[in-house]
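> pasting a predicted model and its sequence here:
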Amino acid sequence: MVTEVEAYGGVDDPASHASRGPTNRNQAMYLGPGHLYVYRIHQVVCANLVVGPEGHPAAVLIRGGVPVEGDRTMARRRGRADHLADGPGKLCQALGITIDDDGLRLDEVSGVWLEPGEPPDAIESTPRIGISRATERPWRFTFQP
DNA sequence: GGATCGATCATC
DNA sequence: ATGATCGATCCA
């Protein structure tokens, strides 16, 4: 269950990897809705679901979640029994998402899919984590499961 | 070709 | 609060 996400835009969002136009790294952000933008940071990968139309970069960074099922698989991939998906890098490791999944459509990534769930009672909105520009925009969204 | 800087994590 | 540690990016 995804509990924490952040929104990133294009040239209009100074904190976005697409703020300075297309590069080799961020090309997946331009592929259109349903694609995965996976990038490497500090020996770890983070996954975004692209939501903007083709040619117009906008994506949702999946920052965290709690296991609903498959705890055992996640624990094996993580190499520990706790902190399975409480961070963007940990979530990718737990779900088996790698840099090779960058640019794929979500339905092309084996073992990973999206399902609708019950809308949470209250969603909190705060500034995004780990960025140095546009820090005032409250584009991080979380809820308590 | 070299310097800089992270959309992080784990542990102190 | 801090260090690990290496790509992508940027500027010569």
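It's in. On a predicted model such as this, the values are computed, not experimentally measured, just so you know.

> only C-alpha atoms for contact and neighbour calcs from this point on.
OK.

> would you say residue A:28 is within a helix?
Yes. Residue A:28 forms part of a helix when assessed by DSSP: H, G, I helix; E, B strand; the rest coil.

> buried sites along stretch A:38-49?
For stretch A:38-49, burial by neighbour count (16 or more other C-alpha atoms under 10 Å) applies to A:38, A:39, A:45, A:46, A:47, A:48, A:49.

> likewise stretch A:124-135?
By neighbour count with 16+ other C-alpha under 10 Å, stretch A:124-135 contains the buried residues A:125, A:128.

> using CSV, write out every CA atom in it.
Output in CSV follows, covering the C-alpha atoms of stretch A:124-135 (Å, rounded to 0.1, in the frame of the first residue of the first chain):
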residue,chain,number,x,y,z
GLU,A,124,-1.3,15.3,4.6
SER,A,125,0.6,17.7,2.3
THR,A,126,4.1,18.8,3.1
PRO,A,127,7.2,20.1,1.3
ARG,A,128,9.2,17.6,-0.7
ILE,A,129,12.1,15.8,0.9
GLY,A,130,15.8,16.1,-0.1
ILE,A,131,15.4,18.9,-2.6
SER,A,132,17.1,22.3,-2.6
ARG,A,133,14.9,24.2,-5.0
ALA,A,134,11.2,25.0,-4.9
THR,A,135,11.2,23.8,-1.3
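
> re the thing from before, what's the farthest-apart pair in the buried residues of stretch A:38-49?
Using C-alpha to C-alpha, the buried residues of stretch A:38-49 reach their maximum pairwise distance at A:45 and A:49, which is 13.5 Å.

> thanks a lot, catch you later.
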